[in-house]
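>>> For reference, the sequence and a predicted model appear below.
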Amino acid sequence: MPRPILATIHRPALRHNLARMRAAAPDARVWGVVKANAYGHGIARAYDGLRAADGFALLDLDEAQRVRDLGWRGPILLLEGVFESRDLELCSRLGLWHTVHCEAQIDMLAVHKTHQPHRVFLKMNSGMNRLGFRPAAYRAAYARLDALPQVDEISHMTHFSDADGPRGIAHQLQVFLEATRDLPGERSLSNSAAALRFGGEPAVRADWVRPGIAVYGSAPDAPVHDAQHWGLQPAMTLSTRIIGTQDLQAGDTVGYGSSFTAEAPMRIGVVACGYADGYPRHCGTGTPVLVEGVRTRLVGRVSMDMITVDLTPVPQAGLGSEVTMWGRGPGGALLSVDEVAQAAGTVGYELMCALAPRVPVQVED
Ligand SMILES: *Cc1c(COP(=O)(O)O)cnc(C)c1O
């Protein structure tokens with residue numbers, strides 16, 4: 001028998017979440033954001049759950065190639081655009097739309113030989129200060145692109161820094177709207193958080209929304225709201241089994257560094273999942289976990305291949321009992337990846353993306 005750890009990708013949840021994002025941004029077209037190998041879910045595995053999207057947005061050219069190889073003929077957008085001139089040849093060949101965020105990318109386009117002019121998304125830095133042209137330089141960039149025979153259609157794009165937080169998007173929205181006011185072309189502004197929180201405003205949902213995390217069933221603004229609040233379902237479950245148990249006496253310690261000490265006699269389960277599987281080492285005693293669908297807690301340190309859990313709330317559990325690290329447990333029990341992420345001081349995004357290659361993955365249709 002293989003080591004019992006297993007990740008399950010729930011395609012029905014992907015379909016549901018995508019539909020949920022459509023409802024959040026009515027009339028807008030929806031990019032399914034599948035960068036980072038579909039946030040760790042696997043592009044090929046997620047594809048069938050996301051094929052109702054209007055396009056796929058990603059970063060890596062080889063990921064674009066994989067989406068085309070899966071048979072997708074619709075739009076694909078490179079969210080960071082090209083990295084060198086050669087990449088434009090692949091854009092021409094695969095019909096990729098690409099972001100243009102700096103002068104160097106316009107220079108590359110200007111000398112690119114193509115029969116088929118490209119569709120580009122011109123990116124504005126409206127306050128995030130990562131990629132994009134500042135508002136004052138935006139029109140000149142637009143004019144340069146517009147004059148190129150290599151360019152067909154120009155759309156407008158920006159990205160919010162605080163769509164999930166108290167600062168919100170109003171300041172960036174205003175900058176973007178003002179700088180693009182009389183320019184023709186489609187617009188795309190919103191990630192999951194912006195679409196869910198502010199998608200009721202037509203200018204925010206605009207022509208295209210770009211949800212990633214919500215499609216995978218994690219709340220973009222956790223812990224303020226959870227996935228259920230937004231009507232999202234987990235698309236990834238990480239499950240495993242108990243491979244050993246120990247009966248502790250008061251004063252016994254558990255694991256490396258003896259970070260947990262039993263205050264009274266108790267039983268613990270040893271679980272086949274550790275940081276080499278992608279489970280965060282920063283999760284400490286108290287991190288929630290499901291054993292046979294019953295919520296209990298981690299005790300002691302996460303080690304490379306194992307964790308230890310308190311079996312007090314599940315006295316019937318023992319060798320072979322099913323353990324849910326996040327996602328769906330038996331009997332409809334749920335444990336959000338966001339709760340586990342919070343215990344590790346991080347976000348659900350990181351946990352999903354960090355699922356380790358050694359974990360076998362199955363797909364549920
Ligand atoms: C990753 C990304 C998104 C998706 O963000 P989520 O928070 O996962 O919805 C949208 N737009 C851009 C430019 C991105 O890089």
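Noted; the coordinates are in hand. Every value quoted in this text rests on a predicted model; they were computed, and no experiment measured them.
>>> buried sites along the helix or strand encompassing Leu18?
Assigned by DSSP states H and E, Leu18 falls within helix 11-24. Buried positions in helix 11-24, judged by neighbour count with 16 or more other Cβ atoms under 10 Å: Arg11, Ala13, Leu14, Arg15, His16, Asn17, Leu18, Arg20, Met21, Arg22, Ala24. C-beta coordinates here come from the backbone N, C-alpha and C atoms, glycine included.
>>> cool, and stretch 22-32?
Buried residues in stretch 22-32 (16+ other Cβ under 10 Å): Arg22, Ala24, Ala25, Ala28, Arg29, Val30, Trp31, Gly32.
>>> Minimum distance to the ligand, which residue of the stretch 101-250 of the chain gives it?
Gly212 (2.6 Å; Cβ to the nearest ligand atom).
>>> Could you show which parts of the stretch 201-350 of the chain are in contact with the ligand?
Residues of the stretch 201-350 of the chain found near the ligand (Cβ under 6 Å from any ligand atom) are Arg210, Pro211, Gly212, Ile213, Ala214, Pro220.
>>> Let's see that with 5 Å instead.
Arg210, Pro211, Gly212, Ile213 (Cβ under 5 Å from any ligand atom).
>>> now the helix or strand hosting Gln174: mean pLDDT?
Assessed by DSSP H and E, Gln174 sits inside helix 170-180. The pLDDT scores in helix 170-180 average 98.
>>> Just the buried residues of that helix, please?
Buried residues in helix 170-180 (16+ other Cβ under 10 Å): Gln172, Leu173, Val175, Phe176, Leu177, Ala179, Thr180.
>>> who touches the third one in this structure?
By Cβ atoms under 8 Å, 6 or more residues apart in numbering, the contact set of Val175 is Met124, Ser126, Gly127, Pro135.
>>> who wins for most neighbours among those residues?
In terms of neighbours by other Cβ atoms under 10 Å, those top out with Ser126 at 28 neighbours.
>>> quick one, phi psi at it?
phi -90, psi 10 (degrees, to the nearest 10).
>>> for this structure, which spans come out with low pLDDT?
By pLDDT under 70, the chain has no low-scoring segment.
>>> and the two most separated of the buried residues of helix 11-24?
Arg11 and Ala24 (20.3 Å; Cβ to Cβ).
>>> Let me know the secondary structure of the residue in the stretch 251-365 of the chain that the ligand sits nearest to.
Closest to the ligand within the stretch 251-365 of the chain is Tyr349: 6.5 Å, counting by Cβ to the nearest ligand atom. Under the three-state scheme (DSSP: H, G, I helix; E, B strand; the rest coil), Tyr349 adopts helix.
>>> Number of residues surrounding it?
For Tyr349, the neighbour count with other Cβ under 10 Å is 19.
>>> Spatially nearest residue to it, not counting backbone neighbours?
Excluding the flanking residues, the one nearest Tyr349 by Cβ to Cβ, 6 or more residues apart in numbering is Ile213, at 5.7 Å.
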